[in-house]
Each structure stands twice: as structure tokens, then as C-alpha cells.
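> no sequence for this one, just the structure:
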């Protein structure tokens with residue numbers, strides 16, 4: 001009787017699918033291997049796991065969740081033919097996980113898990129770049145929604161570049177390469193948008209003085225890790241494509257393909273974006289593409305690029321009108337954030353610090369989980385210390401303001417925590433020390449900082 005009750009409890013805990021498939025032997029072995037796996041005793045878990053897997057493959061999802069960990073351990077601790085067999089078996093486990101539990105382990109996830117594993121052990125499996133690329137490409141095309149692993153996305157694109165380098169590098173191949181870059185980049189932007197939206201809500205809740213629940217803290221950590229991963233692969237993709245996408249390569253390519261694509265809105269959009277990103281804006285081809293895109297589909301981006309062109313002509317007033325039009329047209333918060341941040345950067349580089357600061361603050365309203373604007377404001381304060389203070393003490397006091405902004409960056413953006421702390425420490429070291437404060441006799445007083453900064457700082 002006790003045995004039956006115990007087995008029933010196990011069944012309830014593990015949530016078996018299909019009561020008719022339940023088997024006492026499978027229940028016992030499931031309980032045994034699950035306990036071993038939970039305690040990371042994977043060698044002991046292997047035999048009972050195999051028994052359940054072979055006899056009752058649909059019995060419980062933990063066959064595949066724990067099975068993945070068991071086989072990863074086996075792969076790590078084996079060599080030669082034995083290791084190869086474990087690798088192939090793990091691929092089978094991924095496939096069966098998807099077959100029996102597609103809602104929990106969708107096709108896109110299965111594809112990138114198999115792709116990552118195959119890429120890691122490509123030598124053992126004897127796979128070429130083309131074969132590896134096909135593994136990723138199949139999942140990417142079949143289930144893009146769930147193909148969202150940052151590492152897999154980078155490997156997928158990296159393999160495309162490697163294949164391009166081995167080929168004839170024809171113009172068509174180059175266009176295909178740039179299209180794949182844009183495709184993957186679009187996917188990254190989608191995932192970044194989802195993570196940013198979730199994280200922004202939590203940041204705003206914290207800033208309003210509400211403590212996050214434990215579940216919310218876990219989500220916050222997940223969103224931060226996701227954004228950090230995508231940040232890293234975005235930079236790696238730009239490095240990987242490198243001089244394969246210079247103005248000297250892009251301009252002839254777009255010139256050749258323009259007539260064929262002049263009514264293709266997507267092609268024009270990507271051509272504009274690529275030439276702008278690679279600073280090809282002085283070339284007549286950039287002007288031609290922008291004007292054509294604006295003629296058939298004016299949007300926030302074309303308005304912005306028209307502003308860039310007017311600014312190059314020295315027509316600042318007209319440029320500002322286009323920039324404002326661009327911001328008015330953009331309704332997506334994250335895309336608007338990129339636009340506002342880009343304008344802030346332009347003004348900072350021109351030395352228009354007051355305007356840049358306002359735009360950085362606008363950017364923070366749109367995307368509060370990205371702390372980079374705080375660091376930019378901090379560096380502007382620091383670089384203005386000598387010109388904005390009216391005494392030696394007050395000049396150095398500006399660094400307190402800079403340090404405060406830097407700390408804000410680390411508080412809202414986990415990706416910047418380390419660098420923000422370094423910036424803040426550097427600025428604090430340049431601020432008045434205890435002896436200066438003692439000599440000045442102004443501890444606790446508020447100092448007004450002039451010029452464009454126009455802010456007060458309290459002496460500690």
C-alpha cells in the first residue's frame with residue numbers, strides 16, 4: 001500500500017503525460033535518476049535514465065531536461081568514439097524533446113541547441129561550414145520566433161561570413177552577405193526590444209520607490225543578461241563583417257543594383273542604414289537612395305537622413321526641422337530612443353553640451369534601462385570642470401556632479417556597473433579632498449555651478 005501511495009505522489013510531482021502510459025518500473029527509475037541528477041551524480045543517473053527513456057519515452061519531460069545534463073557530463077568526461085556517441089545521442093535527445101514536448105521545447109530552440117552543440121564538436125562530427133550553416137539556417141527559417149539564442153545567432157552569421165570568404169566574393173555574394181547581416185540584426189533588435197520593454201517597467205517601478213518581488217528580481221537579472229549577450233554579439237558581428245562592408249565595397253554594389261531595387265522599400269531602407277553606419281554619407285549614392293526612399297515611403301529614418309544631408313550643406317535650421325519631423329514620426333519607443341540618442345551624440349560631438357544633455361535625458365525617459373546617457377552626461381560635466389567653475393574649489397566640485405551621474409548609470413544598467421564604478425571613482429579622486437573642504441570651511445553647503453551645467457552640488 002505504501003509503495004502505491006509513494007508512486008502516486010511521484011506521478012503527481014512529476015506531472016506524467018498520459019495516465020495509460022504510466023509504468024511502475026518507469027516510475028521507480030524516474031524517481032531514482034531524477035534524484036541523482038538533482039544532486040549532480042550524473043554517472044549514477046545514467047543507467048536508470050536510459051531505462052526510462054527506452055521503455056517510456058513520453059513518460060515525463062524530465063527525461064529530456066535531466067537527460068541533457070547527464071549527456072553533457074558524459075560528453076565532457078569521455079573521448080574518441082565513446083564521446084562521439086554521446087554527442088550524437090544528445091542530438092537525439094533534443095529531437096525527441098521537441099517531438100514530444102514542442103510547446104516547451106519548440107523547433108527554433110531545438111535547432112539552435114543542436115547547432116551550438118554541433119559547432120562546438122564540429123571536428124568530432126566531421127561537419128563543414130556549409131553543413132553547420134544549414135543546421136542553423138533550417139531552424140532560423142522554420143521558427144524564427146523561438147530562434148533567439150545570442151550565441152547561435154552570432155555563429156549563424158559568422159559561418160555565413162566564413163563561407164563568403166572562401167567563395168569568389170562576387171557582387172551577388174556580397175549582397176547576400178549584407179542581407180544576412182541585416183536579417184540577423186533585425187532579429188537582435190526584436191529581442192533587445194522585448195527585453196528592454198520588460199526591464200524598463202521594472203526599473204521604473206524601482207525608481208518610483210517600490211521594491212521588486214523575488215520573481216521580478218529574477219526577471220530583472222534575466223533581462224539584463226539578455227541585453228548584455230545581445231550587446232556583445234552586435235559588436236562581434238560588426239567586427240566580423242569588418243572591411244567586407246566599407247564604402248568602397250558598398251557604393252559600387254548599390255550603384256549596380258539600384259535600378260533593379262529602386263521601388264523595393266526594404267532594399268532602400270537597408271541601403272540607407274548601411275551607408276550611414278559606414279559613414280558613406282558624402283557619396284552621391286547616399287543622397288540618391290535617401291531621396292528615392294523619401295519619394296516612395298517617407299518615414300522617421302528618411303526624415304533623419306534628410307536632416308543629415310541639410311546639415312552637411314550648412315543649413316542647420318532646415319536640418320533641425322527634419323530632425324524634429326523624424327522624432328514626431330517615430331512611434332516605437334526603442335527606435336525613438338535610438339534616434340534621440342543619435343541626435344544627442346551629434347550635439348555632444350559638436351560641443352553643444354546643453355542641448356545634448358536634454359536629449360540624453362529624453363533618451364532616458366524612452367529607455368530608462370540603458371544607462372549610457374548618464375555616462376555621457378558625466379563625461380560632459382568632467383570635461384567642462386575648468387570652464388564652469390569660478391574658483392579652484394568650485395571647478396573641482398564639478399567632478400562630484402560627474403560622479404553622481406556615473407553612479408546612476410551603474411544603478412539602472414547592469415551592463416555598465418563595473419565601468420560606471422570606475423568612472424565614478426576617477427571623478428571622486430579629482431573632486432576636492434578633505435583638506436580642501438576643511439580649508440574652505442564649507443562642508444554641508446550647496447555650491448552653484450554656472451555656465452551650461454547650471455546645477456548645484458552639496459559639499460560632503
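Ah, there it is. Just so it is clear, the model here is predicted, and its values are computed rather than measured.

> the stretch 351-460 of the chain: strands as residue ranges?
For the stretch 351-460 of the chain, applying DSSP state E, counting those that start in this stretch gives strands covering 446-449, 455-458.

> need these in CSV with distance to residue 294 and mean pLDDT, can you?
All C-beta atoms are positioned from the backbone trio N, CA, C, and that covers glycine. Below are the strands of the stretch 351-460 of the chain laid out as CSV (distance: least, CB to CB, whole Å; pLDDT from 0 to 100):
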stretch, distance to residue 294, mean pLDDT
strand 446-449, 43, 93
strand 455-458, 40, 94
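
> can you put the ones you listed in a markdown table and add mean neighbour count and distance to residue 99?
A markdown table is the format used below for the strands of the stretch 351-460 of the chain (neighbours: other CB atoms under 10 Å; distance: least, CB to CB, whole Å):
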| stretch | mean neighbour count | distance to residue 99 |
| --- | --- | --- |
| strand 446-449 | 16 | 66 |
| strand 455-458 | 15 | 62 |
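
> which one of these lies nearest to residue 46?
Counting by CB to CB, residue 46 lies closest to strand 455-458 out of the strands of the stretch 351-460 of the chain; the figure is 63.6 Å.

> pretty sure residue 101 sits against residue 62.
No - in this structure residue 101 lies outside contact range of residue 62 using CB atoms under 8 Å: 10.5 Å.

> picking up where we left off before, and the strands of the stretch 351-460 of the chain as a markdown table, adding distance to residue 258?
What follows is the strands of the stretch 351-460 of the chain, written out as a markdown table (distance: least, CB to CB, whole Å):
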| stretch | distance to residue 258 |
| --- | --- |
| strand 446-449 | 52 |
| strand 455-458 | 50 |
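
> between those strands, which one is nearest to residue 227?
strand 455-458 (29.7 Å).

> sheet partners, orientation included, of the closest one?
If you go by DSSP bridges, strand 455-458 pairs up with strand 446-449 (antiparallel).

> what does the partner strand rub up against?
388, 389, 394, 397, 398, 401, 455, 456, 457, 458, 459 (CB atoms under 8 Å, 6 or more residues apart in numbering).

> next, residue 176: secondary structure please.
Of the three states, residue 176 takes helix according to DSSP: H, G, I helix; E, B strand; the rest coil.

> now do the contacts for it.
So residue 176 contacts residue 164 (CB under 8 Å, 6+ apart).

> if I look at it, how far off is residue 183?
For residue 176, the distance to residue 183 (CB to CB, to the nearest Å) stands at 10 Å.

> then residue 302?
From residue 302 to residue 183 the distance is 21 Å (CB to CB).

> one more: residue 263?
21 Å.

> how close does the residue lying closest to residue 333 once chain neighbours are set aside get to residue 190?
Once flanking residues are discounted, residue 333 sits nearest to residue 366: 5.2 Å by CB to CB, 6 or more residues apart in numbering. Remark: distance between residue 366 and residue 190 (CB to CB) = 17 Å.

> now swap in residue 81 and tell me
42 Å.

> and residue 440, what's its pLDDT?
Looking at residue 440, its pLDDT reads 88.

> same check on residue 170?
Value for residue 170, per-residue pLDDT: 52.

> ok so, going back, between the strands of the stretch 351-460 of the chain, which gets nearest to residue 271?
strand 455-458 (43.2 Å).

> returning to what we had before: more crowded one of residue 263 and residue 183?
Ranked by neighbour count (other CB atoms under 10 Å), residue 263 and residue 183 place residue 183 first, with 17 against 12.

> where does the stretch 151-300 of the chain have low pLDDT?
168-172 (pLDDT under 70).

> can you pull out the helices in it?
Counting by DSSP state H, counting those that start in this stretch, the stretch 151-300 of the chain has helices at residues 171-207, 214-241, 247-261, 265-277, 284-296, 300-312.

> run through the neighbouring helices and strands of the second one.
Spelled out, that is helix 214-241. Of the remaining helices and strands, those touching helix 214-241 by 3 or more CB pairs under 8 Å, 6 or more residues apart in numbering; DSSP states H and E are helix 150-166, helix 171-207.
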